[in-house]
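>>> Mind looking at a prediction? Sequence and model below.
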Amino acid sequence: MAIQLYQSVSAYYHRTAIIILLAGFLVRLFISIWLNPGFDEAYYYLYTLHPDWSYFDHPPLVAFTTGIGVWLTGQVSQFTIRIGTLLFYTGSLIFLYLAALRLYTLQLAINTLAIASAIPIFQIAFGILNIPDTPLLFFWAISLWLATQEFFDYRVYRPSFRLTLLCLTVGLACLGKYHGFILGFSLIGFCLFNPHYRRAFRSRWFLIGIPIFLLTISPVLYWNISHDWVSFRFQSERAVPNSSYQIERVVVTLLVEMLYLFPTFGFPLLWAVVRSTIQQLRNFKWQQYPSNRSGDREWELDKRSLLLWLSLPSILGFTIISGYQQILPAWKMPGYWSATMLLAERISINRHYAHSRIPYRWFFGSIAVILLLLSIALSHVALGAFQTPGKSSIFGLLPIKTDNSTQIFDIQQLRQGFVNNNKLNLALKKADFVFTNRYYLGGQIGMAIEPIFHKPLTCLDPDPRGFAFWSKPKQWIGKNAIYLGTKTFEVDLDAKNRYPSYFKKIIKLGEIPIRRGGEVVETFSVYQAQTMLRAFPRPYGN
């Protein structure tokens, strides 16, 4: 009878997990179809056009996640470049659920899955947008699950083959984003500061894992060696102080993070991390004690220690850096994502209090508000619900000239601008290459024109990023080009002042308007640049 009851309860919770996964997937699917591509994710589409061991901005896995949908469908759109993200984040949630199930109870695993599925920035940055954080988090989640299997299999820790697999998955996380090295540091710190697990460093499985890790990250090492370590130098410079330390910047960064996480989740998450850290410090013992744990209390402390080591380094490290260097909110998010289990644990501890229904009201109330706000934001970005003027405008609060959301535009309109205009179409067909004046416009331009004509695309700017490695500076000399850019980013001014000395003649061919809600929100100027005379200087690259 007891076994049947347990199986019935388990089946109920697993069905609940499937419902949460499916509901979250459908929400992300809807948004990924309707939301136009942003600068970054369109830029990573260019990675798929230039297969390489690694790239200037990031390791190579983002090229794979971007290309999955394009290769499967043969289409280039905001949805197809996000198919890999949709699949990978669903996998991340599954492994998070399995890890929570290994460490705690079915109820706590469900709570963890629900929290991770509800927080907006997790859904958007990891689950919708095509960015390097998606493969990073996927292998972060697998590593977390493997760590729960490796370190909490028996009361007496016995190193196993999973240590070797952990070295592999940490290496794969590094191929997703350089933040994967923080994951490796975290796992080493956990073993080093928990006496039960120091024997892992003497295990043959760990010794086997070291060369496997190095082999896994060898594409990144090879590319950097071949290019004077430029990617490592570029990324590491972000941790170097470029101004005096300002505490107010740290406070502002924390408040912005809470908004991205959504305050009703962000502040509890931060509280759970701080509270758990204080408890761990009170019970910390550096000295070696018997490998056989004395009781459940030490077992629970070790579980919490693993989660804190996977949370604190990224949260605390980037919080400190934010005092002297601008950081992006997504940089800390793997730490907060790992901390969802700590928040679920705090909720489970308080579930027997008199107001036990409060957590459910808190959760479903937050979900309702988040869905409402996401709907409002999506309606504005896609349709211009708040722009003025605009046929789809409801309130007309944001003038087009001051609305930065117009930079996320419909690339199909840019594509059709070339298809429907014979003059522009013929000029593009005859051109030897296409260039723009801002690297972040390159991705959207590339997505628009690649299905029409396969033309080499480059960026003539002092900050070329990956474009500096996808062509040779002198290969365009004597060639004709199409110059393309937006009014927002001074396309006409650069055509007049920056580029005339590099080309025999620059002639404006026309303009392509981008509309939203029936109104022109952005304008692309198209120029014909005849006969390149000399190479445009590059600060790095080929």
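Right, received. Where do you want to start? Owing to the predicted nature of the structure, the values given are computational and were not obtained by experimental measurement.
>>> how near is the residue most central in space within the chain to residue 297?
Taking C-alpha atoms, centre = their mean as the criterion, residue 133 is the residue nearest the geometric centre of the chain, at 2.8 Å. Taking C-beta to C-beta, to the nearest Å as the measure, residue 133 falls 36 Å from residue 297. No exception for glycine: its C-beta is placed from N, CA and C like everyone else's.
>>> Under a three-state scheme, what state does residue 55 occupy?
coil (DSSP: H, G, I helix; E, B strand; the rest coil).
>>> Angles on the backbone of the residue lying closest to it once chain neighbours are set aside, please.
Once flanking residues are discounted, residue 55 sits nearest to residue 466: 5.5 Å by C-beta to C-beta, 6 or more residues apart in numbering. Phi and psi for residue 466, reported as degrees, to the nearest 10, are phi -60, psi -30.
>>> what sits against residue 466?
For residue 466, the contact set (C-beta atoms under 8 Å, 6 or more residues apart in numbering) comprises 43, 46, 47, 50, 55, 56, 57, 439.
>>> mind putting those residues in TSV, distance to residue 153, pLDDT and neighbour count included?
Shown next, in TSV, are those (distance: C-beta to C-beta, whole Å; pLDDT from 0 to 100; neighbours: other C-beta atoms under 10 Å):
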residue	distance to residue 153	pLDDT	neighbour count
43	43	95	26
46	44	95	24
47	39	96	25
50	44	94	14
55	38	96	22
56	42	95	21
57	39	92	18
439	48	94	20
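>>> Looking at those, spot the one nearest residue 262.
Among the contacts of residue 466, residue 43 lies closest to residue 262 (C-beta to C-beta), at 27.3 Å.
>>> nearest residue to that closest one other than its sequence neighbours?
In space, residue 43 is closest to residue 443, 3.5 Å off (C-beta to C-beta, 6+ apart).
>>> surely the one you found meets residue 47?
No. Look at residue 443 against residue 47 with C-beta atoms under 8 Å: they stay out of range, at 9.3 Å.
>>> List the residue ranges of the stretch 1-150 of the chain that fall below the pLDDT cut-off.
Within the stretch 1-150 of the chain, the ranges that satisfy pLDDT under 70 run 1-9.
>>> Let's see that with 80 instead.
The model of the stretch 1-150 of the chain has pLDDT under 80 over residues 1-13.
>>> same check, this time on the chain
For the chain, the stretches with pLDDT under 80 are 1-13, 153-155, 237-243, 283-299, 348-360, 389-398, 542.
>>> Kindly recompute the last result at 50.
Per-residue confidence of the chain (counting by pLDDT under 50) places the weak regions at 1-2, 5-6, 287-292, 294, 351, 353-356.
>>> Can you show me the helices along the stretch 1-150 of the chain?
Secondary structure of the stretch 1-150 of the chain, counting by DSSP state H, counting those that start in this stretch: helices at 2-34, 39-49, 61-73, 83-103, 106-118, 120-121, 133-151.
>>> Helices of the stretch 401-542 of the chain, start to end?
Using DSSP H, counting those that start in this stretch, the helices found in the stretch 401-542 of the chain span residues 411-420, 422-430, 439-449, 491-497.
>>> how far off helix 422-430 does the first one point, in degrees?
It refers to helix 411-420. In terms of direction (axes from the mean of the first three to the mean of the last three C-alpha atoms, to 10 degrees), helix 411-420 departs from helix 422-430 by 90 degrees.
>>> Just the residues contacting helix 411-420, thanks.
By C-beta under 8 Å, 6+ apart, helix 411-420 touches 36-37, 42, 77-78, 424-425, 428, 444-445, 447-449, 451-452, 512-515, 524.
>>> same deal with the third one?
Under the contact criterion C-beta under 8 Å, 6+ apart, helix 439-449 has outside partners 37, 39-46, 49, 76-77, 81, 409, 411-412, 414-415, 418, 428, 434, 436, 455, 457-459, 461, 463-467, 484-486, 489.
>>> Please tell me how far the residue nearest to residue 62 when sequence neighbours are not counted sits from residue 337.
Excluding the flanking residues, the one nearest residue 62 by C-beta to C-beta, 6+ apart is residue 132, at 4.2 Å. Using C-beta to C-beta, residue 132 is found at 15 Å from residue 337.
>>> Equivalent analysis for residue 370, please.
For residue 370 relative to residue 337 (C-beta to C-beta), the value is 16 Å.
>>> and those two? which has more neighbours close in?
A side-by-side neighbour count of residue 370 and residue 337, using other C-beta atoms under 10 Å, places residue 337 first with 29 against 18.
>>> That one in helix, strand or coil?
Relying on three-state DSSP, one would call residue 337 helix.
>>> my guess is it meets residue 134, correct?
No. Using C-beta under 8 Å, residue 337 is not in contact with residue 134, being 11.9 Å away.
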